[in-house]
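S.K.: Can you look at this prediction? I've put the sequence above it.
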Amino acid sequence: MVKTARVGTGLVKRILVDTGADSNIVFRNVFDALGLRDADLTTHQHGVIGLSDHFIKPDGVISLPVSVGQGQGRRSIMAEFVVLRDSTAYSIILGRKMINDVEAVINTKLLEMKFVADDGSVGSIKGDLETAVACDNASLSLRKKSKEASGVFLVDLDTRVDDKPRSEPEGDLEKFKVSDTEEKFTFVNRNLPHELKEPLVEMIRVNGDVFAWTPADMLGIDPQVMSHHLAVKPGTRPVAQRRRKMSQKRAEEVARQTTSLLEVGFIRELDYLTWLSNVVLVKKQSGK
């Protein structure tokens, strides 16, 4: 959804409201056009993942006043933006943090966003379809021209800040087998008192059959319980991602995982030449 809003001291067009981006992004050309200075920035320790899987170091973070809507249906808040030196077809990207702050609900079909106004009423703004199409076409053009994929695009933004890091196991871990095979194992705190550790290990071994050790152990979910569909507008022209190369080690792992899913019937082979989605490998905490 593309709209216009007042950010800082200026009225900014080509603002993308993106539920897929965690943080708000302002690009350097807009930062300079608003008359902002580097002295206004605070340090940002985390990078942004670019299209070619490399990290881009932001210039910093800045808080700016943002106003959406008009009249009594206006909402004004202070929003935090990550400043990037890369330019895209969009001037600013408003992510989930901003959407949550204004308590907004977005209807992508109607290109409309409703939110709680300053006076407690329900404000509403419409997206600009013509500008959205122009920005989308411009983004595709930038992708084609960039052989090294040095730009930052909508689908590649990942500015999550680890304010709340994942929980880590406490103390030294001791590996133990859940069954007679070496492949089925887990870990327990080595320093647990004996009266706690032994019953815990025994309980896990007795219930070892509830763990999904391989894809074949996962029986699937009845569609009546949960199903997924793509809300694609009929007649929409599909756009294929550019193929990304993998190292031999990664390619072998993808082939192994794909084969295991094929064998148990989780996936089946289809030939869609107009669609291509690159496989993304994510390392687990176990190192696999």
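M.R.: Looks like it came in fine. Quantities reported herein were computed from a predicted structural model and do not represent experimental measurements.
S.K.: Count the neighbours of residue 261 for me.
M.R.: 14 (other Cβ atoms under 10 Å). (Glycine included, C-beta is placed from N, CA and C.)
S.K.: ok so it is a strand residue?
M.R.: No: when classified by DSSP: H, G, I helix; E, B strand; the rest coil, residue 261 is found to be helix rather than part of a strand.
S.K.: correct me, but it touches residue 215?
M.R.: Yes: under the criterion of Cβ atoms under 8 Å, residue 261 makes contact with residue 215 at 5.5 Å.
S.K.: Secondary structure class of residue 81, three-state.
M.R.: With three-state DSSP as the basis, the three-state label of residue 81 is strand.
S.K.: Point out the other helices and strands that the host helix or strand of residue 100 packs with.
M.R.: Under DSSP states H and E, the secondary-structure element containing residue 100 is helix 96-101. Based on contacts counted as 3 or more Cβ pairs under 8 Å, 6 or more residues apart in numbering; DSSP states H and E, the elements that helix 96-101 packs against are strand 75-84.
S.K.: Identify the neighbouring strands of the next helix or strand after the strand it packs on in the sheet and state each direction.
M.R.: Per DSSP H and E, the first helix or strand lying C-terminal to strand 75-84 is strand 92-94. Strands flanking strand 92-94 in the sheet, each with its direction: strand 10-17 (parallel), strand 24-27 (antiparallel) (DSSP bridges).
S.K.: TSV please, covering these and showing mean pLDDT and distance to residue 225.
M.R.: Compiled in TSV, the strands paired with strand 92-94 are given as follows (pLDDT from 0 to 100; distance: least, Cβ to Cβ, whole Å):
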stretch	mean pLDDT	distance to residue 225
strand 10-17	82	32
strand 24-27	84	36
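S.K.: Kindly export the host helix or strand of residue 66 (C-alpha atoms) in PDB.
M.R.: Assigned by DSSP H and E, residue 66 falls within strand 60-68. What follows is the C-alpha trace of strand 60-68 in PDB, where atoms were taken according to Å, rounded to 0.1, in the frame of the first residue of the first chain:
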ATOM      1  CA  GLY A  60      21.900   5.300  12.100                       C
ATOM      2  CA  VAL A  61      18.500   5.800  13.700                       C
ATOM      3  CA  ILE A  62      16.400   8.900  14.000                       C
ATOM      4  CA  SER A  63      13.100   9.700  15.600                       C
ATOM      5  CA  LEU A  64      10.700  11.800  13.500                       C
ATOM      6  CA  PRO A  65       7.100  13.000  13.900                       C
ATOM      7  CA  VAL A  66       4.700  11.200  11.500                       C
ATOM      8  CA  SER A  67       1.100  12.300  10.800                       C
ATOM      9  CA  VAL A  68      -1.400  10.200   8.900                       C
END
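S.K.: Show me the shaky parts of the stretch 1-150 of the chain.
M.R.: Applying pLDDT under 70 to the stretch 1-150 of the chain flags the ranges 44-56, 86-87, 138-150.
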